[in-house]
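Engineer: The following comprises the amino acid sequence and a computationally predicted model.
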Amino acid sequence: MQTENSNNDSTTPSGLSRARLAFAISAGKLAGASGRLFHIGGGTSLPGMIARRIDPNVLKSVVGGSKAKKIVITGSNGKTTTARMTAAIADAAGHRVSQNRTGSNLLQGVTSVAVNFSDLFGRLESDVLLFEIDEGTIPLAVPEIQPDVVVITNIFRDQLDRYGELYSVARALNKMLEDLPETATILLNGNDPQVANFGINAKAKRIFFGLETKDIGTPVPEQSADIIRCIHCDSDFNYEVAYLSHLGLYRCPECGYTLPPLDIAVTSASLAENGEGPSHIKLRTPKGEMKLEIPLPGVHNIYNAAAAIGAAMAAGFSLDTVQTAMTNIRTAFGRMEKIQAGDKTIYLSFVKNPTSFNLMLRLIAQHPSKKHLLMAMSHTVVDGQDFGWLWDVDLEDIAPDILDAVCSGNKSEELAMRLKYAEVPTNKITLIEDREAALEAAIKQVEPGGTLYIMSGYTPTQELRRVMQKRGWVKHFWEE
């Protein structure tokens, strides 16, 4: 004999799981709102952290119940800007996009997308779910998301104490790709010898993006390049042209390993000479040729644009409004971000490995004036402990143009030592560990109308930006 309560759905496993999901989402939303109210965060990671404590399946439940196109983007560099460009293309094509726009790309930040954009029952109205995901986190996140498109921008040496060496990251990413279903599409950077070799045994479709122009680049990779030998036979690669670190037109003279045919290829490129943009490119795509003006400077943003166009194409979005979408792209916070501080200008650059640091140095070297510099690094959990990579940064190239340099963070002494070995005179170097005091000292040395260049790790970038926000120079990063 059944009692009246035995048919109550809240006592069944499905009812309990729905109630748990609703509780997790509501608690996550409350945590995010409280964080914004008390100015302790923008709801970028705390909602996901709280929700996962209550219901570890919250991301899988919300995303799995959505019919939206799901795109994930990972790699060492370029994730945030590529994701912004992809979102802009989708938006211009008329799609409703939900994403972790501020770059909170660990599992809690990814889960926050599900919490922040769903209703209390886990329902999403988005057409596109777009996730930028840390390369160490993505093997955990992909089984929960079950994406339609996976983009890998590049793999550079980065935080060896956290990720392990380059090849261990590559193995984990490759295993993740091999587990994708045949309905998924994998978009890979063909100019990266390691990335181009991913997913050979995957069931999912593989397509490739990259550059094949000789308008830009150098005859050989830069000194800090990570992969200069064939990943199959260990012979030295021959490069027809190198665009960025080890990315380029490569071929092994022994076994013949070379880049695959590119589906989305930049066939012509013109970089701005002032280090500020725009860049002009021509691309070949399966949908035909296109010409684009990209308002952001640097070869790295050409790669980001090609990846974003490839992701949009793989997801089935219209490419008719790509130029409109690109026109409205602005730098993400801390990505050569131009900030007005009264009558002075600040360029804030988040740098985390030799490739990103050298990119920023090359861009600011194109600015004609002598340089006021602030460098800040700290060994936190998210920044890593090992800063040996600083010795692969080409500070010698810019050293003659440095007027003064303030070194900050709890790695300030190591930064100062690196500058000394680059032959920056010691009387031009100041050590100030506190970030606010360091910013104050650095900006005071800048003449009216002058410019301060800041290059900092993840945590110091956040700290310096909070100081600037208090002074009214920038908005909260989650409001950008």
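Structural biologist: The structure has been received and is ready for your questions. Residues are numbered from 1 along each chain as shown.

Engineer: From residue 260, how far off is residue 412?
Structural biologist: Separation of residue 412 from residue 260 (Cβ to Cβ, to the nearest Å): 44 Å. C-beta coordinates here come from the backbone N, C-alpha and C atoms, glycine included.

Engineer: So for those two, which sits in the more crowded spot?
Structural biologist: Neighbours per residue (other Cβ atoms under 10 Å) separate residue 412 from residue 260, with residue 412 holding more: 23 against 13.

Engineer: per-residue confidence for the closest residue to that one other than its chain neighbours?
Structural biologist: Distances taken as Cβ to Cβ, 6 or more residues apart in numbering place residue 431 nearest to residue 412, at 4.8 Å, with adjacent residues excluded. Looking at residue 431, its pLDDT is 97.

Engineer: Please apply the same query to residue 40.
Structural biologist: As predicted, residue 40 sits at a pLDDT of 63.

Engineer: Give the residue spans of the stretch 351-480 of the chain that score low on pLDDT.
Structural biologist: Confidence mapping of the stretch 351-480 of the chain against pLDDT under 70 gives the ranges 476-480.

Engineer: which stretches of it form helices?
Structural biologist: Applying DSSP state H, counting those that start in this stretch to the stretch 351-480 of the chain gives helices spanning 354-365, 412-421, 435-444, 458-470.

Engineer: Ok, the chain next?
Structural biologist: Secondary structure of the chain by DSSP state H: the helices cover 13-37, 46-54, 58-64, 79-92, 107-117, 138-145, 160-163, 166-178, 299-315, 322-327, 354-365, 412-421, 435-444, 458-470.

Engineer: Spit out the contact partners of the residue nearest to residue 412.
Structural biologist: 406, 407, 408, 412, 413, 416 (Cβ atoms under 8 Å, 6 or more residues apart in numbering).

Engineer: who does it bridge with?
Structural biologist: For residue 431, the beta-bridge partners under DSSP bridges are residue 407.

Engineer: Tell me how far it lies from residue 468.
Structural biologist: Taking Cβ to Cβ, one finds residue 431 at 21 Å from residue 468.

Engineer: and if you look at residue 312?
Structural biologist: With the distance defined as Cβ to Cβ, residue 312 ends up 33 Å from residue 468.

Engineer: quick one: which of the two has more around it?
Structural biologist: Taking neighbours as other Cβ under 10 Å, residue 312 and residue 468 compare with residue 312 leading, 28 against 21.

Engineer: what about the spatially closest residue to the more buried one that is not a sequence neighbour, how many neighbours?
Structural biologist: Residue nearest to residue 312 in three dimensions, not counting chain neighbours: residue 89, with 4.3 Å by Cβ to Cβ, 6+ apart. Neighbour count for residue 89, taken as other Cβ under 10 Å: 28.

Engineer: right, and residue 89 touches residue 305 too?
Structural biologist: No: contact criterion Cβ atoms under 8 Å: residue 89 and residue 305 do not qualify, at 9.6 Å.

Engineer: what stretches of the chain score poorly on pLDDT?
Structural biologist: In the chain (pLDDT under 70), the answer is 1-14, 36-43, 103, 158-165, 476-480.

Engineer: Show me how it divides into domains.
Structural biologist: The chain breaks down by automatic domain parsing into domains covering 65-327, 337-479.

Engineer: most neighbours per residue, which of those domains?
Structural biologist: Here the criterion is mean neighbour count by mean count of other Cβ atoms under 10 Å, and of these the winner is domain 65-327, at a mean of 20.

Engineer: ok now that domain, how far from the chain's centre?
Structural biologist: 10 Å (Cα atoms, centre = their mean, to the nearest Å).

Engineer: Can you get me the start-to-end distance on it?
Structural biologist: Counting by Cα to Cα, to the nearest Å, you get 34 Å between the two ends of domain 65-327.

Engineer: Nearest residue to residue 221 in space, please, no chain neighbours.
Structural biologist: Excluding its sequence neighbours, the residue lying closest to residue 221 (Cβ to Cβ, 6+ apart) is residue 242, at 4.3 Å.

Engineer: got it, and residue 418?
Structural biologist: Closest to residue 418 by Cβ to Cβ, 6+ apart is residue 390, at 4.9 Å.

Engineer: quick one on the thing from earlier: closest one to residue 442 out of the contacts of residue 431, please.
Structural biologist: Proximity of the contacts of residue 431 to residue 442 (Cβ to Cβ) peaks at residue 406, which lies at 4.3 Å.

Engineer: Please tell me how far residue 446 sits from residue 152.
Structural biologist: As judged by Cβ to Cβ, residue 446 and residue 152 stand 39 Å apart.

Engineer: now do residue 472
Structural biologist: According to Cβ to Cβ, residue 472 stands 39 Å off from residue 152.

Engineer: repeat for residue 29
Structural biologist: For residue 29, the distance to residue 152 (Cβ to Cβ) stands at 32 Å.

Engineer: ditto for residue 291
Structural biologist: Distance, residue 291 to residue 152, by Cβ to Cβ: 26 Å.

Engineer: Show me where the stretch 151-300 of the chain has its strands.
Structural biologist: For the stretch 151-300 of the chain, the strands defined by DSSP state E, counting those that start in this stretch cover 185-189, 205-211, 238-244, 247-251, 264-270, 279-285, 288-294.
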